[in-house]
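# Coordinates for the following, if possible.
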Amino acid sequence: MAYDPTNIFARIVRGEIPCVRVYEDADTLAFMDLMPQSEGHTLVIPKVAGENLFDTPPGSVAAAILSTQRVARAVKAAFSPPGLIVTQFNGPAAGQTVFHLHFHVIPVYSAGGLRLHAREKADAATLEAHAARIRAALEGGA
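Model (predicted):
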């Protein structure tokens, strides 16, 4: 499958669609998942076009994983979950639904406590409040 520059994440990178931003640098963007599996579920994407781990330039993958680590530390500091999942899917059979490389940072509060993904939209005010907590943790050096 060829990269589709009209996918939702490409449009977010270009500023055509709003998102609740958590972190941004020259190469990556992190924002709240609109349909989170748990409180604090955050997405990290490279700004460069790439459908998956295999199609994205290595430098962009490296920048994305470094930002993922930084954001994951901040999520952990902001929400104090006893566990945290970092995941990334490649292809429809693996569960990928947006075909732009992205990493999920998902706090886990109890065994089996995750909501199903992409089922229920979160309240905008809640997402902004969660993003503010993560941004504060990033500013605090997490």
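# Which elements pack onto the helix ranked longest in the chain?
Counting residues, the longest helix found in the chain (DSSP state H) is helix 58-79. Counting contacts by 3 or more C-beta pairs under 8 Å, 6 or more residues apart in numbering; DSSP states H and E, helix 58-79 is packed against strand 21-24, strand 28-32, strand 42-46, strand 83-87, strand 103-108, helix 124-139. Quick note: C-beta positions are derived from backbone N, CA and C, even for glycine.
# and that helix, how far from the chain's centre?
9 Å (C-alpha atoms, centre = their mean, to the nearest Å).
# again, but for stretch 108-123
Distance, centroid of stretch 108-123 to centroid of chain: 14 Å (C-alpha atoms, centre = their mean).
# rewinding a little: export the longest helix of the chain as CSV, just CAs?
Output of helix 58-79 as CSV, limited to C-alpha atoms (Å, rounded to 0.1, in the frame of the first residue of the first chain):
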residue,chain,number,x,y,z
PRO,A,58,15.5,5.5,9.9
GLY,A,59,16.3,9.0,11.2
SER,A,60,12.6,9.7,11.7
VAL,A,61,12.0,6.4,13.4
ALA,A,62,14.9,7.2,15.8
ALA,A,63,13.5,10.6,16.5
ALA,A,64,10.0,9.2,17.1
ILE,A,65,11.3,6.5,19.6
LEU,A,66,13.3,9.1,21.5
SER,A,67,10.2,11.3,21.8
THR,A,68,8.1,8.3,22.8
GLN,A,69,10.5,7.6,25.6
ARG,A,70,10.4,11.2,26.7
VAL,A,71,6.6,11.3,26.6
ALA,A,72,6.3,7.9,28.3
ARG,A,73,8.4,9.3,31.2
ALA,A,74,6.1,12.3,31.4
VAL,A,75,2.9,10.2,31.3
LYS,A,76,4.3,8.0,34.1
ALA,A,77,5.2,11.1,36.2
ALA,A,78,1.8,12.8,35.5
PHE,A,79,-0.5,9.8,36.2
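# residues of that helix that come out buried?
Neighbour-count burial for helix 58-79, counted by 16 or more other C-beta atoms under 10 Å, picks out 60-61, 63-65, 67-68, 70-79.
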